[in-house]
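Chemist: With the sequence up front, the predicted model follows.
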Amino acid sequence: MFALNLSFSSFVLQLHTDLDTGDSAVKYTLSGDGAGSIFTIDQTTGDIHALRSLDREEKPYYTLRAQAVDIITNRPLEPESEFVIKVQDINDNEPKFLEGPYTASVPEMSPVGTYVTQVTATDADDPTYGNSARVVYSILRGQPYFSVDPKTGVIKTALPNMDREVKEQYQVLIQAKDMGGQLGGLAGTTTVNITLSDVNDNPPRFSKSFFHLRVPESSAMGSAVGRIKAHDLDIGKNAEVEYTIVPGDGGAMFDITTNEYNQEGIIILKRPLDYETKKAYTFKVDASNAHLDPRFQTFGAFKDTATVKINVLDVDEPPVFNKPSYVMDVYEDTPVGTIIGAVTAQDLDASSSPVRYSIDWKSDLDSYFDIDPVEGTISTNELLDRESIAQHNISIVATKL
């Protein structure tokens, strides 16, 4: 048994027996892997030829058996010999990235040398023979942002302070070249799509430093009376904003909450407003992130402040009596037209309009009394009889002109 290295050549080898004296009395036979289909033997000379090109990656070796026999009787002249034809590798396969294209992510602002991902190319050539399967990695597109280790295919960041808010997506082209990267080596490429993931490196910022709101004095407690917003360039939880009212003028009257869907600050009324008591409120609001990253707090305060001025709008309110109820005593049989008392109401609005009075007639019993529309004095309109009706209840209405 013997082995032969073979790159494709029509002639492979020659078999010869010492019993072959050249008188054409010996015939050579061939059997085994590929005999007759891939390899053929000249029965007279013993020359073995390959019938077609051989591919090491398809089959790296062939085991064949040869024998010299008598050309007339076909009787073996010697024992059968076994030999192996080993197909010698040539560099006919380029490196291939079986898993590409690749997708990877790395946090923005990562230091130089931060691991991103690893790519791997395989070469079908023989790794034990020459440099045909020795792969070297290089970066064709993606510098100066990323680098690749020529031996391992590990991709790392190569530039400091890459900012997602400036550029989020990068497409890197990696080459794998065999023959140790030498001239003449075969090459394959793959694409690596790299995304910079967000970190909280941006504080919220108000679009303006002063917000002016107008709120009717009739607004209900607990109602939303205004909205302000601080914008954050980050995304997700890093863009969540918390609003707080700085203690001062508005702290007792207003509260502020965050709309979790659009991160607006919603100003809520805590107590009733009264235009006649206080016409405006001015206070400051802080906007800060809910989730801080300690690495970036050295950049400065991670918050912003804006001033909010709320003007209370006057609402046309009815006059107000100086007492909720009045008690008046009168003798029975008092002459008609006698004044028994008076009511007083005033307009608390800024306009301070004149007030007019009237009786809200609900039954005929209200006809016993009359009221001066200007002065509010109440007088009898009929004679009163205690034995018939000992007490009268009447309703007085005050209206503004």
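Modeler: Noted; the coordinates are in hand. Numbers count the residues shown, from 1 in each chain.
Chemist: The closest residue in space to D126 that isn't next to it in sequence sits in which helix or strand?
Modeler: Spatial nearest neighbour of D126, chain neighbours left out: D89 (3.6 Å); criterion: Cβ to Cβ, 6 or more residues apart in numbering. All C-beta atoms are positioned from the backbone trio N, CA, C, and that covers glycine. In this structure, D89 is located outside every helix and strand according to DSSP states H and E.
Chemist: Read off the pLDDT value for D89.
Modeler: At D89 the predicted local distance difference test score is 70.
Chemist: Tell me which residues touch it, please.
Modeler: D89 is in contact with R56, D125, D126, Y129, G130, S132, counting by Cβ atoms under 8 Å, 6 or more residues apart in numbering.
Chemist: Closest to I48 out of these?
Modeler: Proximity to I48 was ranked across these by Cβ to Cβ; first place goes to R56, at 18.4 Å.
Chemist: what's the distance between stretch 16-34 and the middle of its chain?
Modeler: The chain centre lies 77 Å from the centre of stretch 16-34; the measure is Cα atoms, centre = their mean, to the nearest Å.
Chemist: oh, I was asking about stretch 343-361
Modeler: Relative to the mean C-alpha coordinate of its chain, stretch 343-361 is positioned 61 Å out (Cα atoms, centre = their mean).
Chemist: Which residues does that stretch contact?
Modeler: Under the criterion Cβ under 8 Å, 6+ apart, external residues in contact with stretch 343-361 comprise 275-276, 314-317, 319-323, 326, 366-367, 369-376, 378, 394-401.
Chemist: still on that earlier bit, what's the ChimeraX line that selects buried ones from the contacts of D89?
Modeler: Selecting the buried subset of the contacts of D89 in ChimeraX, with 16 or more other Cβ atoms under 10 Å as the burial test, is done by:
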select :56,125,126,130,132
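Chemist: Just put the contacts of D89 in TSV and tack on distance to R214.
Modeler: As requested, the contacts of D89 are arranged in TSV below (distance: Cβ to Cβ, whole Å):
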residue	distance to R214
R56	86
D125	79
D126	83
Y129	86
G130	84
S132	81
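Chemist: What is the most widely separated pair among the contacts of D89?
Modeler: Checked with Cβ to Cβ, the contacts of D89 reach their widest spread between R56 and G130, with 12.1 Å between them.
Chemist: Run a quick neighbour tally on D23.
Modeler: By other Cβ atoms under 10 Å, the residues close to D23 number 7.
Chemist: Could you list the low-confidence segments of this structure?
Modeler: Scanning the chain for pLDDT under 70 picks out 1-9, 297-300, 350.
Chemist: how far is the helix or strand harbouring T63 from where the chain is centred?
Modeler: T63 is part of strand 61-70, with elements assigned from DSSP H and E. Relative to its parent chain, strand 61-70 has a centroid offset of 69 Å by Cα atoms, centre = their mean.
Chemist: Mind giving me the packing neighbours of the next helix or strand after that strand?
Modeler: Using DSSP H and E, the helix or strand that follows strand 61-70 towards the C-terminus is strand 81-87. Other elements packing on strand 81-87 under the criterion 3 or more Cβ pairs under 8 Å, 6 or more residues apart in numbering; DSSP states H and E are strand 2-6, strand 61-70.
Chemist: Paired strands for strand 81-87, with orientation please.
Modeler: The strands beside strand 81-87 in its sheet (DSSP bridges) come out as strand 2-6 (parallel), strand 61-70 (antiparallel).
Chemist: Show me what the next helix or strand after that strand is packed up against.
Modeler: On the C-terminal side of strand 81-87, the closest following helix or strand by DSSP H and E is strand 102-107. When contacts are defined as 3+ Cβ pairs under 8 Å, 6+ apart, strand 102-107 packs onto strand 115-118, strand 187-197.
Chemist: on that earlier part again, please determine how far the residue nearest to D126 is located from Y62.
Modeler: D89 sits 15 Å away from Y62 when distances are taken as Cβ to Cβ, to the nearest Å.
Chemist: same thing with A306?
Modeler: Where Y62 is concerned, A306 sits at a distance of 84 Å (Cβ to Cβ).
Chemist: Over to K270?
Modeler: Distance from K270 to Y62, by Cβ to Cβ: 93 Å.
Chemist: and the nearest residue to A220 once chain neighbours are set aside, what are its bridge partners?
Modeler: Using Cβ to Cβ, 6+ apart and skipping the chain neighbours, the partner closest in space to A220 is L269 (7.2 Å). Under DSSP bridges, the beta-bridge partners of L269 are F254.
Chemist: L269 touches E217, doesn't it?
Modeler: No - contact criterion Cβ atoms under 8 Å: L269 and E217 do not qualify, at 10.4 Å.
Chemist: Spell out which helix or strand contains I48, please.
Modeler: Under the assignment given by DSSP H and E, the secondary-structure element containing I48 is strand 47-50.
Chemist: So which elements touch that strand?
Modeler: Strand 47-50 packs on strand 11-14, strand 39-41, going by 3+ Cβ pairs under 8 Å, 6+ apart.
Chemist: want to try a markdown table for those strands, with distance to Y243 as columns?
Modeler: Output for these, formatted as a markdown table (distance: least, Cβ to Cβ, whole Å):
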| stretch | distance to Y243 |
| --- | --- |
| strand 11-14 | 86 |
| strand 39-41 | 85 |
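Chemist: one step back: now what about the strand holding T63, what contacts it?
Modeler: Contacts of strand 61-70 with the rest of the structure, by Cβ under 8 Å, 6+ apart, involve 3, 15, 17, 19-20, 25-35, 38-39, 41, 46, 48, 75-87.
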